[in-house]
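**Q** Show me how the following folds:
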Amino acid sequence: MKTRKRLPIAIIAATALTLSIFIVSRLLSAGAFRPPSAQSPSTLKIALVHFEVKYKEPAKNLRHLIELNRKAAQGGAMVILNTELAVSGYSFQSRRDVAPFTETDGGKTLLAMGRLAKEYGVYIGITFPERDGATQIFYNGAFVLDPQGQLICKYRKIAAEKRWARPGSPLQKGVFDTPWGRMGVLICSDSFYSLMPRAMALKGVDFLWVPANWPPRGGLDPKFIWRSRALENGFFLAACNRTGMDRILDCRQAASYVFDPQGNQLFSASSPTSQVFFVEVPLNEHGRFTDTYRRQILATRKIEQYRPIYLEPWVEDLTKFYKLPKTGALDIRCFVPTSDRINISELEERIVASQNETPDLWILPETAASELKIKELADLAQRRQIAITLAVEKASNKTDYVLVTPEGIQKFYDSSAAQENAFPFRILKYGSAAIALVPYEDFRHPELGVVLSKLGSDLVVLSEERMSPEDMLLSRIKSLTGVAVAACADNGAEITSVQDLHGNWDYQHLSEPGVCSYTLDTAKTRKKSFQSRIDFDLLLNSK
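**A** Sure thing, here's the model as predicted:
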């Protein structure tokens with residue numbers, strides 16, 4: 001019987017050492033292991049490739065993108081994010097127009113970016129018009145490659161370009177896990193619709209990448225939307241915008257942003273030419289994105305208020321559908337008193353000075369019942385033929401939300417609804433408007449704003465003791481759902497209305513005692529549109 005020759009111990013040891021080095025290097029590149037000195041870094045360096053996209057020049061774009069992404073990796077970025085349709089340009093007019101610039105998820109862009117990701121052991125997010133190989137359907141797609149160069153996330157834009165792209169499924173995953181926590185993707189105008197970022201938060205996302213082609217056109221700067229989405233959901237948000245000229249878009253002033261979970265702006269910059277922006281994103285003591293704020297926010301959701309959110313009302317004629325008042329003008333007046341206590345004489349003086357032929361709705365800050373008698377307001381409403389609405393804090397630690405008109409007093413909150421698992425807020429009618437008054441702590445959640453709009457509200461009123469600038473922002477952003485929002489507190493007031501995606505933010509505000517005024521045309525708030533491609537099961541699942 002032959003005996004096997006044994007390898008020298010030195011060769012065995014050398015082979016084992018080589019194999020160990022290879023395994024550790026692979027784990028390091030994947031982010032799966034860190035040496036003790038780097039187990040809990042205080043920041044994560046990311047890169048935003050703020051790119052001057054050349055319209056319909058994919059070969060030139062890809063070469064330049066590879067150079068810039070390489071520069072980002074060499075600069076120490078572990079996560080590199082690119083802008084929307086970075087390889088192709090944006091403004092395509094038809095399927096035929098975009099077809100030559102589409103690729104599959106096995107095409108040259110992902111092959112090239114995959115090699116780069118693997119070479120440097122980094123995550124890369126890249127975008128282009130995707131062509132489904134089986135169906136020849138086109139999508140506006142975003143793709144994430146891991147440190148091995150493998151595709152780990154594919155996201156198809158839901159609020160997609162109507163001329164050529166099919167909307168992505170609301171059930172698509174759109175998230176991926178990293179050593180620093182879970183990240184997700186929404187493309188550009190997907191972030192306009194509040195329920196899409198909320199769905200990402202419910203999926204456990206603590207860092208959202210938004211590739212965008214969004215110039216600051218009109219009065220509605222996207223930075224307010226992106227800051228609100230971060231603040232609303234308690235996650236980091238990085239919006240990688242673009243620069244340069246597209247076929248019809250001038251993006252030379254477009255800015256990229258990074259916000260933290262409290263809405264603080266960590267980074268903002270624009271550039272007339274391509275730039276790689278580096279941003280240090282803070283991590284917690286465990287070297288991960290903080291999830292504290294996201295968890296706290298989601299814990300305060302009240303799903304019983306959101307049950308009607310899946311409804312699709314007949315938006316062509318909400319007046320007829322809900323039997324709402326005839327459209328017309330309503331003068332809204334938010335009264336900010338000179339002291340914490342409302343003085344009826346001061347209020348009446350303001351009413352006399354402001355009154356005209358249009359019906360007036362006066363909004364007051366939240367007031368303690370012991371300081372202001374509702375009967376006094378009822379007498380004033382009757383005497384001046386106006387309506388007054390406010391929150392009245394009662395001694396029983398409960399709050400009444402009331403509408404006082406010359407005809408009497410109505411309450412916005414239905415106390416019996418909770419027992420019947422019904423929607424608790426009444427929508428009341430005055431003049432030409434359907435009005436809701438709700439607590440800010442409920443309205444800060446995007447779900448309630450959508451529900452109130454779908455149920456026919458023209459105006460949502462907030463009557464609070466005090467509101468911070470962040471509270472005002474989160475109230476104001478709800479006007480994107482198709483309602484006007486009037487917020488009134490002892491320290492200021494705001495009235496906002498927005499009608500379209502890139503339109504002017506019709507906005508009045510006051511930060512001192514006085515009256516904040518706005519004339520609402522309810523013919524505009526009846527023209528609503530809702531994003532129906534939403535995972536409503538996720539939003540309404542209480543488990």
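
**Q** rest of the way, CA atoms for contacts and neighbours
**A** OK.

**Q** where exactly do the helices run in the stretch 251-400 of the chain?
**A** Under the criterion DSSP state H, counting those that start in this stretch, helices of the stretch 251-400 of the chain are mapped to 292-299, 318-322, 344-354, 374-384.

**Q** Redo these as TSV? Include mean pLDDT, mean neighbour count and distance to residue 452.
**A** As requested, these are exported to TSV (pLDDT from 0 to 100; neighbours: other C-alpha atoms under 10 Å; distance: least, C-alpha to C-alpha, whole Å):
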stretch	mean pLDDT	mean neighbour count	distance to residue 452
helix 292-299	98	15	20
helix 318-322	94	15	13
helix 344-354	92	14	29
helix 374-384	93	16	26
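
**Q** Could you dump those into TSV and include distance to residue 454?
**A** Listed next are these as TSV, based on distance: least, C-alpha to C-alpha, whole Å:
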stretch	distance to residue 454
helix 292-299	22
helix 318-322	9
helix 344-354	32
helix 374-384	30
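
**Q** Which among these is found nearest to residue 201?
**A** Proximity to residue 201 (C-alpha to C-alpha) singles out helix 292-299 among those, at 6.9 Å.

**Q** Packing partners of that closest one?
**A** Where contact means 3 or more C-alpha pairs under 8 Å, 6 or more residues apart in numbering; DSSP states H and E, helix 292-299 is packed against helix 222-233.

**Q** Following the chain past the helix it packs on, name the next helix or strand.
**A** Counting by DSSP states H and E, the element after helix 222-233 in chain order, helix or strand, is strand 236-240.

**Q** Would you tell me what the next helix or strand after that next one is?
**A** Once the chain leaves strand 236-240, the following helix or strand, as judged by DSSP H and E, is strand 242-243.

**Q** so what strands line up beside that next one?
**A** Looking at strand 242-243 with DSSP bridges, its partner strands are strand 43-52 (parallel).

**Q** Extract the CA atoms of the strand it pairs with and return them as CSV.
**A** Taking Å, rounded to 0.1, in the frame of the first residue of the first chain, the C-alpha atoms of strand 43-52 are listed here in CSV:
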residue,chain,number,x,y,z
THR,A,43,-19.1,59.1,10.3
LEU,A,44,-19.7,57.5,6.9
LYS,A,45,-18.2,59.3,3.9
ILE,A,46,-20.6,59.3,0.9
ALA,A,47,-20.2,61.0,-2.4
LEU,A,48,-22.9,62.7,-4.6
VAL,A,49,-22.0,62.8,-8.2
HIS,A,50,-23.6,66.1,-9.2
PHE,A,51,-23.4,65.4,-12.9
GLU,A,52,-23.6,67.6,-16.1
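
**Q** just checking, residue 367 touches residue 399?
**A** No. Residue 367 is beyond contact range of residue 399, at 9.5 Å (criterion: C-alpha atoms under 8 Å).

**Q** Same drill for the two, tell me which one is more crowded.
**A** Shown here are residue 367 and residue 399; by other C-alpha atoms under 10 Å, residue 367 has more neighbours (23 against 17).

**Q** Now do stretch 315-332: distance from first to last residue.
**A** 24 Å (C-alpha to C-alpha, to the nearest Å).

**Q** from the middle of its chain, how far away would that stretch be?
**A** Its chain's C-alpha centre and that of stretch 315-332 lie 28 Å apart, by C-alpha atoms, centre = their mean, to the nearest Å.

**Q** Likewise for stretch 506-513?
**A** Taking C-alpha atoms, centre = their mean, one finds stretch 506-513 lying 23 Å from the centre of the chain it belongs to.

**Q** Can you point out the buried residues in it?
**A** By neighbour count with 16 or more other C-alpha atoms under 10 Å, stretch 506-513 contains the buried residues 507, 509-510.

**Q** Tell me which stretches of the stretch 401-543 of the chain form strands.
**A** 408-411, 428-430, 433-437, 459-463, 484-489, 492-497, 506-510, 514-521 (DSSP state E, counting those that start in this stretch).
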